[in-house]
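Enquirer: Using only what follows, build the 3D model:
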Amino acid sequence: MFEPYPILDGAARVEIKIKGSRFIGEALPVDSTAAAEEALAAIRKREYDATHHCSAWRIDPEGREFRFSDDGEPSGSAGAPILRQIEGKGLSGALVVVTRYYGGTKLGTGGLIRAYGEAAALALDEAPTREVIPRRRRTVRFAYEDTSPAMHTIGLFDVVMAGTRYSEVTEIDLDVRAAEVEAFESAFTEALSGRGSVLGPD
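Expert: From the prediction side, this is the model:
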């Protein structure tokens with residue numbers, strides 16, 4: 001995953017009414033399945049007298065870690081429409097819970113799909129997002145006399161310095177933009193004529 005991707009950067013809460021039923025849509029940032037489950041449990045506790053708490057979350061940008069729940073609604077009528085709204089925005093790190101207070105009129109499967117999808121979409125529209133740039137950790141090592149070409153090369157790339165250590169040599173931990181890792185390694189090695197080294201966990 002090299003391309004920047006959006007994640008939720010804050011929470012939002014909306015409410016709609018359809019044929020007497022209240023649908024409360026909440027979008028929250030989460031960074032793990034455990035965090036999503038904890039947030040869902042907190043909403044269940046707060047809205048303890050609601051009829052349903054339907055939900056979906058998507059943690060990683062590749063879409064490998066996700067889950068959705070109809071929470072007693074007809075199969076496919078709630079959790080999946082919520083997840084589609086998250087996926088449609090390309091979001092990661094997002095949990096959406098739509099709480100329903102039944103109003104006495106059945107909506108049918110089609111009506112439920114629209115209601116849950118709409119509540120999820122409105123909550124996501126209200127929630128702030130930010131862009132994440134995928135990065136890979138690299139540690140560069142070089143002698144003092146190579147400081148100038150080393151720092152010049154580092155400055156040519158989109159990196160975030162994460163730590164520096166000085167001994168007989170200088171070591172700098174860098175979070176390099178994932179799309180630039182190979183180019184950075186080649187440029188660094190060439191600039192120091194092979195005297196420096198680039199180490200990485202992957």
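
Enquirer: and the helix or strand encompassing Thr147, which residues are buried?
Expert: For Thr147, the enclosing helix or strand under DSSP states H and E is helix 147-155. For helix 147-155, burial by neighbour count (16 or more other Cβ atoms under 10 Å) applies to 149-150, 153-154. Any C-beta I mention is one placed from the backbone N, CA and C, and that applies to glycine too.

Enquirer: buried ones in stretch 157-175?
Expert: For stretch 157-175, by 16+ other Cβ under 10 Å, it's 159, 170, 172-175.

Enquirer: got it, and stretch 26-43?
Expert: Neighbour count says stretch 26-43 has 26-30, 35-36, 39-40, 43 buried, by 16+ other Cβ under 10 Å.

Enquirer: so for the helix or strand His53 falls within, what's the average pLDDT?
Expert: Element membership for His53 (DSSP H and E) is strand 52-58. On average, the pLDDT along strand 52-58 is 97.

Enquirer: Give me the next element, helix or strand, following it.
Expert: strand 66-69.

Enquirer: show me where pLDDT drops low in the chain?
Expert: Applying pLDDT under 70 to the chain flags residues 1, 202.

Enquirer: still on that earlier bit, which strands and helices sit next to the strand holding His53?
Expert: Helices and strands touching strand 52-58, by 3 or more Cβ pairs under 8 Å, 6 or more residues apart in numbering; DSSP states H and E, are helix 33-46, strand 66-69, helix 79-88, strand 94-101.

Enquirer: Same list (these) but as TSV, adding distance to Asp9.
Expert: Output for these, formatted as TSV (distance: least, Cβ to Cβ, whole Å):
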stretch	distance to Asp9
helix 33-46	15
strand 66-69	19
helix 79-88	15
strand 94-101	10
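
Enquirer: between these, which one is nearest to Arg22?
Expert: strand 94-101 (4.2 Å; Cβ to Cβ).

Enquirer: what lines up beside that closest one in the sheet?
Expert: Counting by DSSP bridges, the strands paired with strand 94-101 are strand 21-29 (antiparallel), strand 52-58 (antiparallel).

Enquirer: So what touches the shortest one?
Expert: Pointing back at strand 52-58 there. 30, 33, 36, 40, 43-44, 47, 65-73, 78-80, 82-83, 86-87, 91-100, 102, 116, 120 (Cβ atoms under 8 Å, 6 or more residues apart in numbering).

Enquirer: Now that we have those, which of them are buried?
Expert: Judged by 16+ other Cβ under 10 Å, buried ones among the contacts of strand 52-58: 30, 36, 40, 43, 47, 66-71, 73, 78-80, 82-83, 86, 91-100, 116, 120.
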